[in-house]
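K.L.:
sequence? don't have it. structure:
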């Protein structure tokens, strides 16, 4: 089967900022090409992309990643049966989660003395469940614990068929973010989901040094006899032109979304929605580290999207040799020219020319060198073009799979 892979390459300038800091509070960095670069971790940008999904997708299409799984599930159990107390709902929830995932749920030792409510148990690690999975588990808990009978519920889940239903509820109807980013369930490896997305650490295309901002805060009630600041401190920051990269394995995404679902287990439309939501979310999102201090609200200057059929390909090699500052300042124009030279050479040498479609979203004259790398589009046009390509590439396979299954049925 021919694979469908989406490569996303971005150049984005960021003014003085501290998007993603290390344990000392300084912006993260990495050595590449023998020089120090600004770095934004993949985890930071994946988190920002997931946050963007709340505006791009319906709540029912998303998941919740938390240790407080019992509390989350208990709220849904009480919504189905308002007669249940919080304590009973929490107990039903904990037993259901433990049966479905194999993870132990226990009240943490760090419980606040001021918390007078019934204590909620937590899992030993972050658990990632979809909105639909939580709802299915809540329905199962109410079914087995009718009227709040905790003992009957435990006996109900000891029955193999019901135990299997609990595990199935946690392993079907994956949300878009689970299907994209995957999940690990340490106590039940069969519930783990392989990610369909790879996100690289963003790197500056040029050398970067960290600077420090020395600031003071004045006490509004100081008198003339009390000169000086009420507080002083420093914040580390840098500025950079970043190269960002992500790849989406669309076939893997389709399998993850279709796991245990309908539509012949291969939902084309939901895959299209997931791909375009990730594309828009990844392009437009921004990690929020120190955002109120620096107001570094930028959008990418250039986006290149390529369709691949064998494996993802990053263009970071174009910047192994740091981009020098331009004659009139700035790094963006030379970075674009570097890409315009590197990409055709790479694709020619590896026989990738004509191997897929490509689009370029760019802003300003500095990015004009990228014109030859794909069809020039706006963001709405890019989302439509990529979505249409996903449907066109996946739909025939869905139809073929359906015909194969029909031919295999008795009497066919």
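P.N.:
Cool, the structure landed. The shown structure was predicted, so the numbers you read here are calculated from the model rather than taken from an experiment. Numbers count the residues shown, from 1 in each chain.
K.L.:
What's the separation between residue 324 and residue 332?
P.N.:
Using Cβ to Cβ, to the nearest Å, residue 324 is found at 13 Å from residue 332. Placement of C-beta: from N, CA and C, glycine included.
K.L.:
Ok, residue 152 next?
P.N.:
From residue 152 to residue 332 the distance is 66 Å (Cβ to Cβ).
K.L.:
same deal with residue 153?
P.N.:
Distance, residue 153 to residue 332, using Cβ to Cβ: 61 Å.
K.L.:
And residue 279, by the same measure?
P.N.:
Distance of residue 279 to residue 332, given as Cβ to Cβ: 22 Å.
K.L.:
higher neighbour count, the two?
P.N.:
More crowded of residue 279 and residue 332, by other Cβ atoms under 10 Å: residue 279, with 23 against 20.
K.L.:
residues in contact with the more buried one?
P.N.:
Residues counted as contacts of residue 279 (Cβ atoms under 8 Å, 6 or more residues apart in numbering) are 6, 8, 248, 305, 382, 383, 386.
K.L.:
pLDDT of the helix or strand where it lies, averaged?
P.N.:
Using DSSP states H and E, the element containing residue 279 is helix 268-284. Helix 268-284 carries an average pLDDT of 96.
K.L.:
Pull out the buried residues from it.
P.N.:
Residues of helix 268-284 classed as buried by neighbour count (16 or more other Cβ atoms under 10 Å): 268, 270-284.
K.L.:
same deal with stretch 332-351?
P.N.:
For stretch 332-351, a neighbour-count test (16+ other Cβ under 10 Å) marks 332, 333, 334, 335, 336, 337, 338, 339, 340, 342, 343, 347 as buried.
K.L.:
distance of residue 185 from residue 125?
P.N.:
As for residue 185, its distance to residue 125 is 9 Å (criterion: Cβ to Cβ).
K.L.:
which of the two has more neighbours?
P.N.:
More crowded of residue 185 and residue 125, by other Cβ under 10 Å: residue 185, with 21 against 11.
K.L.:
Neighbours of the residue lying closest to the more buried one once chain neighbours are set aside, how many?
P.N.:
Using Cβ to Cβ, 6 or more residues apart in numbering and skipping the chain neighbours, the partner closest in space to residue 185 is residue 191 (4.1 Å). Residues near residue 191, counting by other Cβ under 10 Å, number 20.
K.L.:
Could you report the distance from residue 191 to residue 18?
P.N.:
37 Å.
K.L.:
Next, the contact list for the residue positioned nearest the centre of the chain, please.
P.N.:
Centroid-nearest residue in the chain: residue 46, 3.8 Å away (criterion: Cα atoms, centre = their mean). Residue 46 makes contact with 181, 197, 199, according to Cβ under 8 Å, 6+ apart.
K.L.:
could those residues go into a markdown table alongside secondary structure?
P.N.:
Formatted as a markdown table, those follow (DSSP: H, G, I helix; E, B strand; the rest coil):
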| residue | secondary structure |
| --- | --- |
| 181 | helix |
| 197 | strand |
| 199 | strand |
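K.L.:
which among those gets closest to residue 40?
P.N.:
Set against residue 40, the nearest of the contacts of residue 46 by Cβ to Cβ is residue 199 (10.3 Å).
K.L.:
Please name the spatially closest residue to the closest one (chain neighbours excluded).
P.N.:
In this structure, residue 199 finds its nearest non-sequential neighbour in residue 42, 4.1 Å apart by Cβ to Cβ, 6+ apart.
K.L.:
isn't the one you found right up against residue 195?
P.N.:
No: Residue 42 lies out of contact with residue 195 (Cβ atoms under 8 Å); the separation is 11.0 Å.
K.L.:
In terms of helices and strands, where is the closest residue to residue 282 other than its chain neighbours?
P.N.:
Nearest residue to residue 282 in three dimensions, chain neighbours excluded: residue 49, at 4.9 Å (Cβ to Cβ, 6+ apart). Using DSSP H and E, residue 49 maps to helix 42-56.
K.L.:
Thank you, goodbye.
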